[in-house]
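Peer 1: test case, fold it:
(chains A and B, ligands or ions: 2)
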Amino acid sequence: MALLEVNDIHTYYGNIHALKGISFEVDSGEIIALIGSNGAGKTTTLRTISGLMSPRAGNIVYAGRDISSTRADLLVLSGISMVPEGRGVFAKLTVEENLDMGAYVRTDGEVADDLDSAFEMFPRLLERRKQLAGTLSGGEQQMLAIARALMSRPRLLLLDEPSMGLAPVLVDVVFEAIQRIASEGVTILLVEQNAHMALQIANRGYVLQSGEVAISDTAANLQRNEVVQKTYLGID
Amino acid sequence: MLASEASRRILRLGLLSGGFILFAGVIGMIAAFHEREVVDDFISLGQVLLLATPFITSYMAATRLLESGESPRLALAGGLAIGVLSALPTVILLLFNSDDYRYLLDASLKLLPFVAASYLAWKSHAQGNEPRQVAATWLIAALLIGIVSFGFALIFEVKGDLRGVLVNVDRDWVEVVTFDHRRELWTGIGLLLAASAGAGLSGVIMRILPEVPRRALLYGLGITLLVGAFGETVRLILQENLDRDTLRAIFRRDTLRQNAAAMLFIISTFAGFLWAMFGGRAQSEFAALDDSRRHQVRNLGMLLFAALLLALPWLIGRTLSDVAVTIGIFVLMGLGLNIAIGLAGLLDLGYVTNYAVGAYILAVLTSIGPLGLFKGTFTFWSVIPIALLAAMFAGFIFAVPVLRMRGDYLAIATLGFGEIIGKLALSDWLKPLIGGAQGVQNIPKPFLFATELKNPEQLYYIVLVASLVTLFVSIRLNNSRSGRQWMAIREDEDVATAMGIDTARAKLLAFTLSAATGGVAGAIFAAKVGTVFPNSFTVFISINVLSLIIVGGIASNPGIVVGAVVLIGMPELLREFSDFRFLMYGALLILMMINRPQGFIPSKLVMHEVHAGAKPKVSASD
Ligand SMILES: Nc1ncnc2c1ncn2[C@@H]1O[C@H](COP(=O)(O)OP(=O)(O)OP(=O)(O)O)[C@@H](O)[C@H]1O
Ligand SMILES: [Mg+2]
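Peer 2: Ligands and ions are numbered 1, 2, ... in the order given. The predicted structure follows:
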């Protein structure tokens, strides 16, 4: 059974119809890529899944439960964690305080262990644990945002354009980290402009266009698809 | 080129300072401050204002000039110029105002359009415009300016003198600015110019002095002037502890005698000298102590401070205890509002609501007058928790509709609620219950084991205990799970939600807890004054509380106490300020926001915020 099922959702900003009936599913343990051009509705899809917005029609089923109108904070508790677009770190808190905040919903006593493993995954953060997050470089902030999302021990991790604005070397670091997170059993829904990288690590992918799913296929097939090559991979 | 830049700076600062003195005179501030003698038969607060302005201005100018590599000679000349310029606008107004020289005003008003138009025409010519355009410029300018200035000339002719138009340009003002030489105008003007120039010059000299004597003199001057300005207060304090004769040797009524002032100046300069010489060493020695010793020293300090707090009413006497109670009431409200504003970042401008609820609850439940519901069944102590809960309830109710609002919108909505409460208290609808404009009267004072706590000295302890409890709770809150929720919300509400924080609940909690102390403060206020009127609950209460938080240092508990002492205590102590309180508030707020946006005693967190931009890699210390 799929971990996440999105069934024909319609989401609006006022009367702007942003998502016009999107459906897809994510199985446990998969990495799924959502690609599409600017304004296609990728961020809106993630916001709808994570409960920051609710769909006007259609439903979202997570672990067998309809979560279409569940509040965002409760979804964190049931294992959905998001790295927002543009990172959204708490600029005036230190790296460590940011990570603590990520573990806000947890009541078990193992937060300290997870802090250690976050620092193990991103050693750069360890050096800067007392530094204010707002003063980190863009790449470091992205690492922090991912590490913070992991602190709630999610089953499903939603990533919104983790490679945005990063130098190629850092993009590699971030994508390696994503693969490692996936190998530890976290299911990943990855929104990316960098279709090339996203399709390399994903199992399957969906192409969004003006609020609708245009193509859906395995990542390997998408990489060979002519339309995708032309529009999203820049290959003529 | 450089020299001209320096002289332009001097000109600008001098005119600014002169404009300020003129303004202070025209609005009546100088004359009002003159009522307060700082040193008996020597200098008044008005004159201090008159001289401190050029002094401070030229001190600042000298700092800038010396820093940009100008010579001390130039700085001295600058100080002299600033001194003269500071007096100049006042001198001109003096001339215009005197019967003998009124024609000067008339003549200059009538000349002004021609001179100004010619200047503008000349500029237009210099820009290469055609003669026809130049002529048109001259004509239009002369006409427009002429209408205004001939109009003014007419008004002054009809009114006879300036007093009819500028109501504060009166005899008192003339007397202050001429140093009591109203009759010999030119002597007065000479004195004013000389004194002002001297002040400007001494500002620069002060700046040029080496650090140790400079700091010593500044301490001496500052302390003497402060003691003199607050002579009434100081006398009240000393009165509790000194015998009559000593007191009479120091003060003539409320003002410091000259000998005493001189002694004080010498002593405080000497003390300042010692501090400037050895203070740094003491501090570094303290820092060099090992942790446990440092802890001991700090604890000793805390203990002394606690003892001072406990003994305060005996040290300062009745009048000042009354002021201390008022300050305490505002400290309570400041600590409460800080939960919403400082911790959760919710800009609440309707805090007066909670204060009013607390006051009216206490009034109605305990009053023995006609409006009292129970006539003495309820005591002060049993109503305090009720007032607290009622205020929390009000905070909760008003929070529900504004939960989705942010920033400016939230501020406006809460401002509206504050106004609603004021109107409700005045309304006919609630009149049978809370008395409308007449308010509720005959509120008994609290009793503690059969003793009536009727003096401010006794009420002080209630406020003290309430403040300490609040302080304790708010420190605990800040370090709690709720504190972290609020911190996240203040930073970014959306991301806070993404962390799994129920923002609606966290905000409700912040508003509700924040309201609690407002209710207690209101109840204590009602018991203190014995009557509750609607016009005690205006938007100014909210503004005062907000200002004291900002001035003291947002989210900083010691800052709130300092803010309350400065903003609430000072105007109470310096009655001469009272009319100008809001003017001084405004000036203080603007100055603070420009020079010290983090407040007097900033909290660690806000320090990060203010400095994060400047130093990209500050690390959070401990
Ligand atoms: N707050 C908003 N109010 C109104 N319209 C919005 C809002 N946010 C997004 N939209 C619109 O919804 C559509 C989808 O936007 P969305 O942010 O989901 O795009 P995206 O695929 O994430 O694009 P990008 O790759 O540029 O981030 C766009 O047409 C956008 O203009
Ligand atoms: Mg987007």
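Peer 1: for stretch B:330-342, what is the distance to the chain centroid?
Peer 2: 18 Å (CA atoms, centre = their mean, to the nearest Å).
Peer 1: is it up against chain A anywhere?
Peer 2: No: using CB under 8 Å from any CB of the partner chain, we find that stretch B:330-342 stays clear of chain A, coming within 13.3 Å at best. (Each C-beta comes from the backbone N, C-alpha and C, glycine too.)
Peer 1: how about stretch B:343-352?
Peer 2: No: judged by CB under 8 Å from any CB, stretch B:343-352 makes no contact with chain A; its nearest approach is 10.8 Å.
Peer 1: endpoints of that stretch, how far apart?
Peer 2: Using CA to CA, to the nearest Å, the end-to-end distance of stretch B:343-352 comes to 19 Å.
Peer 1: for that stretch, which positions count as buried?
Peer 2: Within stretch B:343-352, the residues scored as buried using 16 or more other CB atoms under 10 Å in any protein chain shown are B:343-352.
Peer 1: what does stretch B:119-130 give?
Peer 2: B:120-121, B:124-125.
Peer 1: do you have the strands of chain A handy? List them.
Peer 2: Taking DSSP state E as the test, the strands found in chain A are A:4-13, A:16-26, A:31-36, A:57-62, A:65-66, A:80-83, A:156-160, A:187-192, A:204-209, A:212-218.
Peer 1: now, of these, which is deepest in the fold?
Peer 2: strand A:80-83 (a mean of 28; mean count of other CB atoms under 10 Å in any protein chain shown).
Peer 1: residues in contact with that one?
Peer 2: A:46, A:49-51, A:62, A:142, A:145-146, A:148-150, A:152, A:154-160, A:162, B:498 (CB atoms under 8 Å, 6 or more residues apart in numbering or on different chains).
Peer 1: chain center to that strand, what's the gap?
Peer 2: The mean C-alpha position of strand A:80-83 is separated from the chain mean by 6 Å, CA atoms, centre = their mean.
Peer 1: who does it pair up with?
Peer 2: strand A:156-160 (parallel) (DSSP bridges).
Peer 1: how far does the partner strand sit from its chain's centre?
Peer 2: Distance, centroid of strand A:156-160 to centroid of chain: 2 Å (CA atoms, centre = their mean).
Peer 1: tell me if it is near ligand 1.
Peer 2: No: Strand A:156-160 does not reach ligand 1 (CB under 6 Å from any ligand atom); its nearest approach is 7.2 Å.
Peer 1: do that strand and ligand 2 meet?
Peer 2: No: using CB under 5 Å from the ion, strand A:156-160 stays clear of ligand 2, with a minimum separation of 6.0 Å.
Peer 1: just put the strands of chain A in a markdown table and tack on mean pLDDT.
Peer 2: As requested, those are arranged in a markdown table below (pLDDT from 0 to 100):
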| stretch | mean pLDDT |
| --- | --- |
| strand A:4-13 | 94 |
| strand A:16-26 | 93 |
| strand A:31-36 | 93 |
| strand A:57-62 | 93 |
| strand A:65-66 | 92 |
| strand A:80-83 | 92 |
| strand A:156-160 | 94 |
| strand A:187-192 | 94 |
| strand A:204-209 | 92 |
| strand A:212-218 | 91 |
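Peer 1: so what sits opposite the residue nearest the centre of chain A in the bridge?
Peer 2: Chain A has residue A:159 as the residue nearest its centroid, 1.4 Å off, counting by CA atoms, centre = their mean. For residue A:159, the beta-bridge partners are residue A:83, residue A:190 (DSSP bridges).
Peer 1: who touches it in this structure?
Peer 2: By CB under 8 Å, 6+ apart, the neighbours of residue A:159 are A:82-83, A:146, A:178, A:188-191.
Peer 1: give me the subset of the residues you listed touching ligand 1.
Peer 2: On the criterion CB under 6 Å from any ligand atom, none of the entries of the contacts of residue A:159 sits beside ligand 1.
Peer 1: turn those residues into JSON lines, including distance to residue B:163.
Peer 2: Output for these, formatted as JSON lines (distance: CB to CB, whole Å):
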{"residue": "A:82", "distance to residue B:163": "71"}
{"residue": "A:83", "distance to residue B:163": "71"}
{"residue": "A:146", "distance to residue B:163": "74"}
{"residue": "A:178", "distance to residue B:163": "80"}
{"residue": "A:188", "distance to residue B:163": "81"}
{"residue": "A:189", "distance to residue B:163": "79"}
{"residue": "A:190", "distance to residue B:163": "79"}
{"residue": "A:191", "distance to residue B:163": "75"}
